[in-house]
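# Okay, here's the prediction I keep looking at, along with the sequence it came from:
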Amino acid sequence: MASSEPRLSPPVREEFERSPRAVGEIGEISRSLSWWQRIKDITLVRRLFILALLAGLWQGYTIWVHNPLLFPTFTATIDAWWQALVHGPLLLRAWNSISTLLMGYALGVAIATVLTTLAVLTRFGADFLGTLTAMFSPLPAIALLPLALLWFGLGKGSIIFVLIHAVLWAVALNMLSGFVSVSETLRMAGKNYGLTGWRYVTKLLMPAAFPSILSGLKIGWMFAWRTEIAAELVFGATSSSGGIGWYIFENRNELETAAVFAGLLTVIVIGLLVEGIVFRTIEVHTVRKWGMQR
Amino acid sequence: MGAIRSSESQAPERQPDVSSPLLNVSGVTLQYKTKRQIVTATYQVDFQVFPADRFILLGPSGCGKSTLLKGVGGFMSPVEGRIELSGKTIERPGPDRMMVFQEFDQLLPWKTVIENIIFPMETSGKYKRQEAIEQAELFLAKVNLDKFRDAYPHMLSGGMKQRVAIARGMALGPTMLLMDEPFAALDALTRLKMQQELLQLWDDFRFTVLFVTHSIQEAIILGTRILVLSPHPGQVRAEINAHEFTHENQTSAEFRALQQRIHDMLFSEQVEQTRTAHHGE
């Protein structure tokens, strides 16, 4: 500030007071959105649009290439899918995959819950889980399959074993990081209520860490699917209990490429349904309702 | 003893024994560990809180007043001295000393406002469901939030969240309410309103509250008695009566004189320290 220049001061203006007008006089305060704006706000509509776009690209490209043995058209795939679903074994195969998957997933999540609970309650538990996660999470589940076959033989037991391995560490890691990031104030509030041990974990930490737990469950689900299909592709199936992986393998051997695509499509559709319906419903009724996530 | 009850009658049902202290803190030294060192937060602090006291712990930041409150809350135990509530040594946190924190995230985000108040009442096992609901509704009305009964905490403003936290603390009927700078993060207008409401609530229910603040003005308005702590490590500097002062007489000469007296108490040492430092050069 140079002192030689005249210092700037604001002009003194007239004071005034007003009384606010009644709302009725102002007129339109809120306006409802047009139907087009509302439709654009529905996530499902936007997602379906992208799916339709991809299907269109697929159809266009395959008609142009015209090689049904390597790359069947979208319509041929849908046709094969429908045939296999209604008349063929695809529904049974899908159910075989899903039932094994659910069992492995549930066991994996249950073990992860027990381990993380021990980890937040005791120091030994924390060290134990930390070490195990660091050791086993880089290990691909499929790499354990030969060992599993040796231990549990050809069948469900082996797949469930590798599924547990696939799910367990991802879920445990996410759950633990969720527990660790629960704010100090909430922890103190919980202790202030007199919550200790198992009650402290289930009634305070779990809901407070639910966003992380949910993303762990999603990642676990994804890993489980990959492992399930891959394991089935590796050792095929025992008699009638083959899954989608086995269905894909079978049809590749018979050069039924459209059916191979149908098998892959089934995996994708189930994935979309679980993500879009199951996890989304859970999300809407929990973390979104509670304002923990937008 | 001194527990908050839901009866609408202004006078307490039975007169608690006012002559003996509810909380007895004697020679308490509190230390906490950081990564590199052990820090002494308070050194041999003594004070006594009597039933229906609005007891204020006042001091600059770093005087260990919040640490002291955590000690009473049972979140840390003293390395020296004793903290006794109704004659029993405090060992762990418990719902007989409900806390109201400064942070707005103290409410459970997955529970509605009313469920937030009911939850500790039920987990403590002191109330049956129906009883808890009635008591929670009463206190929700007392803090003027009955309209937000079924809202989730993320829908509320900061001041509303603190009101719910106060209702939650009182509804359980704790022996003592612990408040850790509950209004510090609020804007000035809301803070003023909350202070008035807290005094009104105290007038209705005559509960015992231990209140931490760093604002001299807030301490004089809210407190019946003020414990002034010196900075780092916290030691008792003075205990002062402030039961005569409210919002109404905060412009009076006496109020300002007391404010100045406490101000000098808190800052005189610092001035002396800087003066001697200058002389030393």
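Here it is on my side, so go on.
# Do you know the pLDDT at the residue in the stretch 151-281 of chain B that chain A sits nearest to?
Of all residues in the stretch 151-281 of chain B, residue B:154 sits closest to chain A, at 2.7 Å by Cβ to the nearest Cβ. Any C-beta I mention is one placed from the backbone N, CA and C, and that applies to glycine too. At residue B:154 the predicted local distance difference test score is 91.
# so residue B:29 sits in a strand?
Yes: going by DSSP: H, G, I helix; E, B strand; the rest coil, the assignment for residue B:29 places it inside a strand.
# what stretches of the stretch 1-150 of chain B score poorly on pLDDT?
Applying pLDDT under 70 to the stretch 1-150 of chain B flags the ranges B:1-18.
# Spell out which parts of it neighbour chain A.
The stretch 1-150 of chain B comes close to chain A at residues B:73, B:75, B:92-95, B:97-99, B:101, B:103, B:105-110, B:119-120, B:123-124, as judged by Cβ under 8 Å from any Cβ of the partner chain.
# Go ahead and build a ChimeraX selection from the buried members of those residues.
A single ChimeraX command is used to select the members of those judged buried by 16 or more other Cβ atoms under 10 Å in any protein chain shown:
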select /B:73,75,93,94,95,97,98,99,101,103,105,106,107,108,109,110,119,120,123,124
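# Filter the residues of the stretch 1-150 of chain B next to chain A down to just the ones in strands.
Taking DSSP state E, the ones among these that sit in strands are B:97, B:98, B:99.
# Among the residues you listed, which one sits closest to chain A?
Where these are concerned, and distances follow Cβ to the nearest Cβ, chain A has its nearest neighbour in residue B:99, at 5.0 Å.
# so the closest one bridges to which residues?
When assigned by DSSP bridges, residue B:99 has beta-bridge partners residue B:178.
# Isn't it up against residue A:194?
No: with contacts counted by Cβ atoms under 8 Å, residue B:99 stays clear of residue A:194, the gap being 12.0 Å.
# Let me know the average pLDDT across the longest helix along chain A.
Secondary structure assigned by DSSP state H gives helix A:90-121 as the longest helix of chain A. Along helix A:90-121, the predicted local confidence has a mean pLDDT of 92.
# And the residue of the stretch 151-294 of chain A found nearest chain B, how close does it get to residue A:19?
Of the stretch 151-294 of chain A, the residue with the smallest distance to chain B, taken as Cβ to the nearest Cβ, is residue A:291 at 2.7 Å. With the distance defined as Cβ to Cβ, to the nearest Å, residue A:291 ends up 37 Å from residue A:19.
# For residue A:40, give its distance to chain B.
26 Å (Cβ to the nearest Cβ, to the nearest Å).
# And that residue, its phi and psi?
phi -70, psi -20 (degrees, to the nearest 10).
# In space, what's closest to residue A:77 - neighbours in sequence excluded?
By the measure of Cβ to Cβ, 6 or more residues apart in numbering or on different chains, the closest residue to residue A:77 outside its immediate chain neighbours is residue A:261, 4.3 Å from it.
# And residue B:33, by the same measure?
Spatially, and ignoring its direct neighbours in sequence, residue B:33 is nearest to residue B:39 (7.7 Å; Cβ to Cβ, 6+ apart).
# right, and the one you found touches residue B:32 too?
Yes: look at residue B:39 against residue B:32 with Cβ under 8 Å: they come within range, at 5.7 Å.
# Would you mind listing the residues in contact with residue A:98?
By Cβ atoms under 8 Å, 6 or more residues apart in numbering or on different chains, residue A:98 lies in contact with residue A:270.
# For it, give its distance to residue A:171.
Computed with Cβ to Cβ, the distance linking residue A:98 and residue A:171 is 19 Å.
# just residue B:218 next, same as before
Going from residue B:218 to residue A:171 by Cβ to Cβ gives 47 Å.
# One more: residue B:143?
Separation of residue B:143 from residue A:171 (Cβ to Cβ): 41 Å.
# Please say which of those two ends up with more neighbours.
Under the criterion of other Cβ atoms under 10 Å in any protein chain shown, the comparison of residue B:143 against residue A:171 puts residue A:171 first, with 29 against 23.
# tell me the pLDDT at the more buried one?
At residue A:171, the pLDDT value in this model is 94.
# can you give me the strands in chain A?
So, for chain A - with DSSP E - there are no strands.
# pull the helix or strand with minimum mean pLDDT from it.
helix A:23-26 (a mean of 72; mean pLDDT, DSSP states H and E).
# Setting aside sequence neighbours, what's the nearest residue to residue B:181?
Leaving aside its sequence neighbours, residue B:181 sits nearest to residue B:102 (Cβ to Cβ, 6+ apart; 4.4 Å).
# what's the pLDDT at the residue nearest to residue A:77?
Per-residue confidence at residue A:261 stands at 90 (pLDDT).
# and it, how many neighbours?
Taking other Cβ under 10 Å as the neighbour definition, residue A:261 ends up with a count of 22.
# Is it in contact with residue A:84, as I believe?
No: under the criterion of Cβ under 8 Å, residue A:261 makes no contact with residue A:84, lying 10.6 Å away.
# Name all residues that sit in contact with these two at the same time.
Taking Cβ under 8 Å, 6+ apart as the criterion, residue A:261 and residue A:84 do not both touch any residue.
# ok, residue 213 - contacts?
Unless you meant another one, I'm taking chain A. Residue A:213 sits next to A:174, A:175, A:178, A:206 when contact means Cβ under 8 Å, 6+ apart.
# nope, chain B please
B:56, B:57, B:58, B:181, B:184, B:219, B:222 are the contacts of residue B:213 under Cβ under 8 Å, 6+ apart.
# okay, the residues you listed in CSV with secondary structure and neighbour count next?
Shown next, in CSV, are those (DSSP: H, G, I helix; E, B strand; the rest coil; neighbours: other Cβ atoms under 10 Å in any protein chain shown):
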residue, secondary structure, neighbour count
B:56, strand, 28
B:57, strand, 29
B:58, strand, 27
B:181, coil, 20
B:184, coil, 14
B:219, helix, 27
B:222, helix, 26
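# could you dump those to TSV with distance to residue B:25?
Listed next are the contacts of residue B:213 as TSV, based on distance: Cβ to Cβ, whole Å:
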residue	distance to residue B:25
B:56	14
B:57	10
B:58	15
B:181	19
B:184	23
B:219	18
B:222	20
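# What is the nearest of those residues to residue A:45?
Closest approach to residue A:45 among the contacts of residue B:213 (Cβ to Cβ): residue B:184, at 46.9 Å.
# my read: the closest one touches residue B:102, true?
Yes: Residue B:184 is within contact range of residue B:102, at 5.3 Å (criterion: Cβ under 8 Å).
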